[in-house]
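build me a model:
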Amino acid sequence: MSNNDVGRLRTVLIGSVGEGWQSQDMDENSWGRAYCRKMASPSGDYEFMHSLPIYDFYKRVEGARSELRAVKDYLKRDGINVLAIDEPQLAKVTPQPGIYPGSECLPFNAANVRDPFIMLGKTLVVSRSTRAGTTHIPDWYMPLLRDFCGKQGLRVLESPAVPPHLQLAKPGLWEDPDEMHRYIHTDGNGYNGRIYEAFQQEDPIFEPADMFRTDGRRVFCMESMVSNGVYHEWFRREFPEVEFVPFRRYFYSEVDVPMHSDASYVTLDSHTIMMAPEQMPDPETIRKVQERYRILIPPRSDLPNPTSRRYHLNTLSLDEKRMLVNAKEKTMIKWLESYGYKPIPMEICNMNFCGGGFHCTSLDLERDDIAAPPA
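This is a model prediction of the structure:
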């Protein structure tokens, strides 16, 4: 059904925005300051949030909701089968326990359907995240996805359960913002090794958003703060016909925050991968990629994005030429056009603010196959 990231898109699940923040137990008046204290970056990206009125946050949420509606409408007009959960239904979901005692995990970030799901061939893989903000996303979408998979004769494969000692990403790691910075901002070796120790290496812990597919025969698997070093072995056992290439990301930028791989590495066509210069893979992985693929380095974002400078990379390909791109990223649009691509500008800034982009909020369930590059 879907072996790659760029074949002609036929069926897609688009996420829906709920009513609450993902894992905070703050009252409305303290939300901006409290969230900033826990997630502030030395780069100053979050400084404006110290004085952010709470009503502005909810305006952003409503803006994100409108943007995703527009995406669904456009894809339908393009002849793509769009699956979605209606927002009133999503808003009624019972809050789940959050990461802090007494907090709740509300369905706001349920829009990021890429976090727990990936389609590999005729198998839908479902992962339970260790993060409070996304661990319950499968609960909201599985009824819809099970119905789709049942009608299409597809397999649903759930990853091993998250061990109790690793559930909700070891909350103690994130209570001190100084500790957060020490994990994020390192000398280029990725979280100075300590974050990986939090995940027992015999337990395959991962989020599918840390994987990117190329031609259907090859999947790159990143190790990160939510995906450990052994999950690709589990994938190899389940999918022996697919080559899984593990790698770690090098943090060349010390003023950025960790993101999923789809904010750093994006497949543009069957032989081209776009990579963010601030967060290139390790040199050995780059050599492997260059053996078969062309690497393109995109321009910097035109916008002061609130959570990442690389959201402009978070595109959704409709085929090997066309992709949804932030309408305000004029430099990115011209750059893609210079290489023969046909970017489709759409609004997504509010969803960026809320923690996702075009790729984050979409799960491609059916694509046409594409040709593999020469070995």
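
quick one, strands of the stretch 201-350 of the chain?
211-213, 218-223, 243-248, 265-269, 272-275, 294-296, 316-317, 322-326, 342-346 (DSSP state E, counting those that start in this stretch).

for the closest residue to Trp335 other than its chain neighbours, list the residues it contacts.
With sequence-adjacent residues excluded and distances taken as Cβ to Cβ, 6 or more residues apart in numbering, Trp335 is closest to Pro299, at 5.2 Å. For glycine as for every other residue, the C-beta is placed from the backbone atoms N, C-alpha and C. Neighbouring residues of Pro299 by Cβ atoms under 8 Å, 6 or more residues apart in numbering: 331-332, 335.

in CSV, list those residues along with neighbour count, pLDDT and distance to Val61.
Shown next, in CSV, are the contacts of Pro299 (neighbours: other Cβ atoms under 10 Å; pLDDT from 0 to 100; distance: Cβ to Cβ, whole Å):
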residue, neighbour count, pLDDT, distance to Val61
Thr331, 13, 95, 28
Met332, 22, 95, 25
Trp335, 18, 97, 31
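
quick one: those residues as CSV, columns for distance to Arg114 too.
Converted to CSV, the contacts of Pro299 look like this (distance: Cβ to Cβ, whole Å):
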residue, distance to Arg114
Thr331, 25
Met332, 20
Trp335, 24
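
in helices, which of these fall?
Counting by DSSP state H, these place 331-332, 335 in helices.

which one of these is nearest to Ser159?
Nearest to Ser159 out of those is Met332 (Cβ to Cβ; 33.7 Å).

pretty sure that closest one sits against Val325.
Yes - contact status for Met332 versus Val325: in contact at 6.1 Å, counting by Cβ atoms under 8 Å.

any common contacting residues for those two?
Residues touching both Met332 and Val325 (Cβ under 8 Å, 6+ apart) are 312, 343.

show the average pLDDT along stretch 3-23.
Summarised as a single mean, pLDDT over stretch 3-23 is 79.

return the alpha-carbon coordinates of that stretch using CSV.
Only the C-alpha atoms of stretch 3-23 are listed here, as CSV (Å, rounded to 0.1, in the frame of the first residue of the first chain):
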residue,chain,number,x,y,z
ASN,A,3,6.4,1.7,0.7
ASN,A,4,7.8,5.2,0.2
ASP,A,5,7.4,8.9,1.0
VAL,A,6,7.0,10.3,-2.5
GLY,A,7,4.9,8.1,-4.8
ARG,A,8,1.6,9.4,-6.0
LEU,A,9,-0.5,9.8,-2.8
ARG,A,10,-3.8,7.9,-3.0
THR,A,11,-5.0,7.6,0.6
VAL,A,12,-4.0,9.7,3.7
LEU,A,13,-5.0,10.2,7.3
ILE,A,14,-5.0,13.8,8.3
GLY,A,15,-4.9,14.6,12.0
SER,A,16,-7.5,16.7,13.9
VAL,A,17,-6.8,19.3,16.5
GLY,A,18,-8.5,18.8,19.9
GLU,A,19,-9.3,21.2,22.7
GLY,A,20,-6.4,21.1,25.2
TRP,A,21,-2.6,21.3,25.6
GLN,A,22,-0.7,18.0,25.4
SER,A,23,0.5,17.3,28.9
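
could you report the neighbour count for Leu363?
Using other Cβ atoms under 10 Å, Leu363 has 25 neighbouring residues.

wait, doesn't it sit right on Arg114?
Yes - if you go by Cβ under 8 Å, Leu363 and Arg114 touch, sitting 5.9 Å apart.

could you name every residue contacting both of the two?
Common neighbours of Leu363 and Arg114 (Cβ under 8 Å, 6+ apart) do not exist.

so where is the stretch 101-250 of the chain shaky, pLDDT-wise?
For the stretch 101-250 of the chain, the stretches with pLDDT under 70 are 101-109, 130-133, 162-203, 225, 249-250.

who's in contact with the helix or strand that Tyr141 is a member of?
Counting by DSSP states H and E, the element that carries Tyr141 is helix 137-152. Residues outside helix 137-152 that contact it (Cβ under 8 Å, 6+ apart): 1, 11, 13, 83, 85, 90, 93, 96, 107, 109-110, 112-113, 115-117, 124, 126-129, 154-156, 365.
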